[in-house]
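Asks: return atomic coordinates for the entry below.
(one chain, ligands or ions: 4)
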Amino acid sequence: MMSRRKKTSRRGFLTGVAVSAATVTTAELLKKQEADAAEENHNSAVNLQPTEFDFTQKSAAFQPDKIVDSACQFCNSLCGLKVHVKDGHIINVLGEPDDPVQAGGLCVKGPMMTQLVYNRFRLTHPMKRVAGEKGSPDSQFEPISWEEALETIAAKFLALRDAGDARAIANKTSGRLPRGTGSLVGRYFTLLGSPNDTDVGPVCNDAGGNALAWTFGLGNFTNGYGIDGATGKEDLGSAKFFLFLGTNQAETHPVTFAYLLRSRATTKAKLVVIDPRLTPTGAQADEWIAPKPHTDLALVLAMLHHIVTNNLYDAAFVQKWVLGFDELKKHLVSNGYTPEWAAAITDIPATKIKSLAKAYATTKPAAIFCNAGISHQLGAFDTYRTLAFLAAITGNIGINGGGCNFMHNTWPGGLNLPSIKGKTPKKDVALPVGPDYFAESILTGKPYQLKAIVTQGNPLLASSQTGKVQEAYRKLDFYVYTGLFMEESAYYADIILPVTSGFEMETVYMRRDDRAIRWQKQVVPPVGESKPDWHIWIDLAHATAKLDKRNRPQYWTENFPLAWKDYGNLWATFVANTPGMGGMTTERMSKRSEPLRWPCPSVDHPGVSTLYLDHASWYSAAQALNPQNKGKRFLTPSGKVEIYTPEMQKQLASAGHAALPIFYTHPEVTGRHPTIEYTEQLVKNPVNPQAFTHKVKLGKVSSGEVHRQYPLMGMTGRSSVVHFHSVTHWTYTGKQMNGVRLVQIHPKVAQAAGINNADEIIVESPRGSIRGTALIWEGIREDTIFVPNWFGQEQKMAQELRTPYYEAANQLIDNQYYDNLSGQQAFKCFACRVKKA
Ligand SMILES: Nc1nc2c(c(=O)[nH]1)N[C@H]1C(S)=C(S)[C@@H](COP(=O)(O)OP(=O)(O)OC[C@H]3O[C@@H](n4cnc5c(=O)[nH]c(N)nc54)[C@H](O)[C@@H]3O)O[C@H]1N2
Ligand SMILES: Nc1nc2c(c(=O)[nH]1)N[C@H]1C(S)=C(S)[C@@H](COP(=O)(O)OP(=O)(O)OC[C@H]3O[C@@H](n4cnc5c(=O)[nH]c(N)nc54)[C@H](O)[C@@H]3O)O[C@H]1N2
Ligand code: SF4
Ligand SMILES: [Mo]
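Replies: Ligands and ions are numbered 1, 2, ... in the order given. Now for the predicted structure:
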């Protein structure tokens, strides 16, 4: 690790390239990277590619007793895993060769699934707090039975409900949950009468789905990897242009990205990557463009301006399918959103913005991909909407190889269960969407106070402004932590529940970004007394039935049949009740080596690859989603792409926004820009109508004051391909390969601060500070640093590998800055400074 880092600096990677000029032709960098990669491979101790002469395959010792078709639970590449088992023990994990998208591939994390099973730090039985302050590492817990654990929880919830305070109970899910658990949590909350069961979406990528739904009708990633069963053609593999914004797929979706690169080798498609730092994804690009963080909205508005004022749009498509083009044109022109205007904000030369706009508009089909780099901005919904306009006016929607592939927006509204039997209590309006609001509610009691929370995931690392979250969870009356390990959050718990890891259950766990779903079989029995999440909620309902004085036991038990513990039965129930899933039967799913894409209305339907395709296969799926969609291509009220309608304008204005977004950004972006103010006024959220939101005022110019003391901007994100959030920090391989938090800093910034490569450093923001190790990197803007998230204070594997313990990166983030429509936090922006530790 150490020597590698030193090597990077010795080689002077990127020397002589003017990164601060914000745009760099990658040809030169690529050459350098190739040379570096060759050297790196030569020296690398970890070679994970199976070789031609892999003698484990020929050894009697490694002949498995059985090979189980399971799947990886880390990223949305959703790799199928062939898990080799001998004497009941997992001995090997290989990639599914019969899935053309995966093509046998895996990344370094696939085999780490095994390390979640065989792990001495696993939680093995329920526990309750017996001593110690909440949050203190000296907290003491004692094993209890499942019965006692669930009855304690049920009693607490019922007491709150009986006191008229059901809304004080909340749940926070994680993306790491067997599919359908959210539906069971939602059902439990409906029976109880609380509206606060939150989904992972508002911290992950909901904004993209929200914008897609408002523009095209469905909140989903629009195209598919591999062959489109409707046309028999490659879908995303046939793109001629890839526009990536804020997505580092090489490290975050390596196997599906490898598929795109394989296709590109044939099509010679152009790849442009827009990211304030050079990532391994950018290193593959024809062009890497490095805007100032949190200014993509200006870039896209200017691209739209250039396209509409130079007649580069698809006039025939616009005329037939788009509502609001004239209003858009007027908006762009009257606000002066020219490339010259955007150049001053984004730091990208106007000529570059124009050539990018032209290339995108005239190279068809062109596919846009976005992920957390856009979602984690406070203008996420508005930015995604403008990106959807780009695809719409150039006719890049509803065609193979095009679309708005806003990652992680993969599911229908939900997986439906049958209607509830019995009369349920009326629910209040939910808190502002997203678990990042929980701390605010606990600490201020506004608009009302949460008193009991269950979580899946690790809010003490994942939620913004950790200092505030710590204070809140200390104050919280009752907290149930569910997870695999004693993570940071567990130390705040009253009750701890152990869950099973992926190989210990038959289920559908992940889904590929393109709405594709894969069945996975159970490989080994659950570790200790751990249970899969859906069992926990069924059992909790039955425990609640015993204690509820207001309802007959059947109110709970009949709505949570024990038969659903068998995942095959539960899945069949979803299939029977969820529109557009008729063809995704347990039988069909469990036989396939490839995942199957939703929507898929019948067993003879191939599943939809390209949404909104002008093709009978799409029309039949659309109608299955809702009979009112009959004959509709786009699933908006008008059946067309909706850029502007008076109704939409009215709704968005109620929360302080507009159908045609103006430019604004985070107040901690350097320079002075139109920004956002949150009023005290709580209104119904037009995008999430179940919840309140703060009405905002857009446009007040930021003072730039914060940058006197904190001159830099910081971004957070994934550290490398090795880690998946916090969970891989509990694996030996993860901590071994990437146990040190490497903070990327431009050489000039480092020099000014007297920091050398591999020095211990401190990053400070107005909220707090964290430690890390300097990784001097010429591939990052001079005004920006990058801080990997998900290093934590309780990751015990650090002991084994003698790596440091770390504070949460979210110490640095201000949780008041969020997108009041989608609920997304501005995780990717904070004012900061760095110094040597
Ligand atoms: N290895 C690994 N893979 C993962 C995960 C993981 O933890 N580890 N997590 C999974 C999950 S839940 C998610 S949501 C995805 C996230 O996947 P990604 O979105 O690819 O990951 P991030 O690192 O959060 O952010 C992507 C990029 O956004 C850039 N960025 C930051 N600010 C801006 C900006 O203002 N504009 C632009 N254009 N770019 C910006 C960052 O430099 C970063 O390279 O990954 C999934 N896959
Ligand atoms: N600063 C900053 N903050 C971020 C982000 C960022 O880029 N920057 N990204 C955001 C994003 S995109 C996301 S998705 C969130 C992720 O935040 P979380 O959802 O909180 O994180 P996870 O790693 O998914 O979950 C953490 C733990 O959940 C437990 N777990 C694993 N599998 C299961 C299971 O099956 N059931 C249960 N009950 N528990 C399980 C494990 O113990 C695991 O370590 O973080 C968000 N926070
Ligand atoms: S982490 Fe993603 S790319 Fe890596 S093996 Fe798992 S699903 Fe595949
Ligand atoms: Mo996420």
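Asks: residues in contact with the residue nearest to Pro459 when sequence neighbours are not counted?
Replies: Nearest non-adjacent residue to Pro459, counting by C-beta to C-beta, 6 or more residues apart in numbering: Ser489, 5.5 Å away. Placement of C-beta: from N, CA and C, glycine included. Ser489 makes contacts with 455, 457-461, 473, 481, 483, as judged by C-beta atoms under 8 Å, 6 or more residues apart in numbering.
Asks: is Asn92 within a helix or a strand, and which one?
Replies: strand 89-95 (DSSP states H and E).
Asks: put the alpha carbons of the helix or strand just after that strand into CSV.
Replies: Later in the chain than strand 89-95, the nearest helix or strand by DSSP H and E is helix 112-117. What follows is helix 112-117 as a C-alpha-only set of coordinates in CSV (Å, rounded to 0.1, in the frame of the first residue of the first chain):
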residue,chain,number,x,y,z
MET,A,112,-15.7,-11.1,-0.3
MET,A,113,-19.3,-12.3,0.0
THR,A,114,-17.8,-15.4,1.6
GLN,A,115,-15.9,-13.3,4.1
LEU,A,116,-19.3,-12.0,5.4
VAL,A,117,-20.2,-15.6,6.2
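Asks: adjust the sequence numbering to begin at 396 for everything that follows.
Replies: Yep, numbering from 396; the last one is helix 507-512 now.
Asks: so what touches helix 507-512?
Replies: 465, 467-469, 476, 478, 485, 488, 517, 879, 896-899, 919, 922, 1122-1123, 1125-1129.
Asks: of the residues you listed, which belong to strands?
Replies: Judged by DSSP state E, the subset of the contacts of helix 507-512 located in strands is 465, 476, 478, 485, 488.
Asks: where does pLDDT dip in the stretch 696-845 of the chain?
Replies: Applying pLDDT under 70 to the stretch 696-845 of the chain picks out residues 807-808.
Asks: pick out the residue of it closest to ligand 2.
Replies: Using C-beta to the nearest ligand atom, the single residue of the stretch 696-845 of the chain nearest to ligand 2 is Ala767, 5.1 Å away.
Asks: from Val1082, how far off is that residue?
Replies: According to C-beta to C-beta, to the nearest Å, Ala767 and Val1082 sit 19 Å apart.
Asks: equivalent analysis for Gly627, please.
Replies: Distance, Gly627 to Val1082, by C-beta to C-beta: 37 Å.
Asks: next: Leu1008.
Replies: To Val1082, Leu1008 is 26 Å away according to C-beta to C-beta.
Asks: for the residue in the stretch 946-1095 of the chain positioned nearest to ligand 2, which residues are in contact?
Replies: For the stretch 946-1095 of the chain, the residue closest to ligand 2 is Tyr962, as judged by C-beta to the nearest ligand atom, at 13.0 Å. By C-beta under 8 Å, 6+ apart, Tyr962 lies in contact with 573, 900-903, 929.
Asks: let's see that with 6 Å instead.
Replies: Tyr962 sits next to 901-902 when contact means C-beta atoms under 6 Å, 6 or more residues apart in numbering.
Asks: over to the closest residue to Gly588 other than its chain neighbours: give its phi and psi.
Replies: Using C-beta to C-beta, 6+ apart and skipping the chain neighbours, the partner closest in space to Gly588 is Pro820 (3.3 Å). Phi and psi for Pro820, reported as degrees, to the nearest 10, are phi -70, psi 160.
Asks: could you report the neighbour count for Pro820?
Replies: A count of neighbours around Pro820, defined by other C-beta atoms under 10 Å, yields 14.
Asks: now do the domain split for the protein, please.
Replies: Domain assignment of the chain by automatic domain parsing yields the ranges 522-594+829-973, 603-804, 1104-1231.
Asks: can I get the ones you listed in TSV with distance to ligand 3?
Replies: Shown next, in TSV, are the domains of the chain (distance: least, C-beta to the nearest ligand atom, whole Å):
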stretch	distance to ligand 3
domain 522-594+829-973	7
domain 603-804	4
domain 1104-1231	6
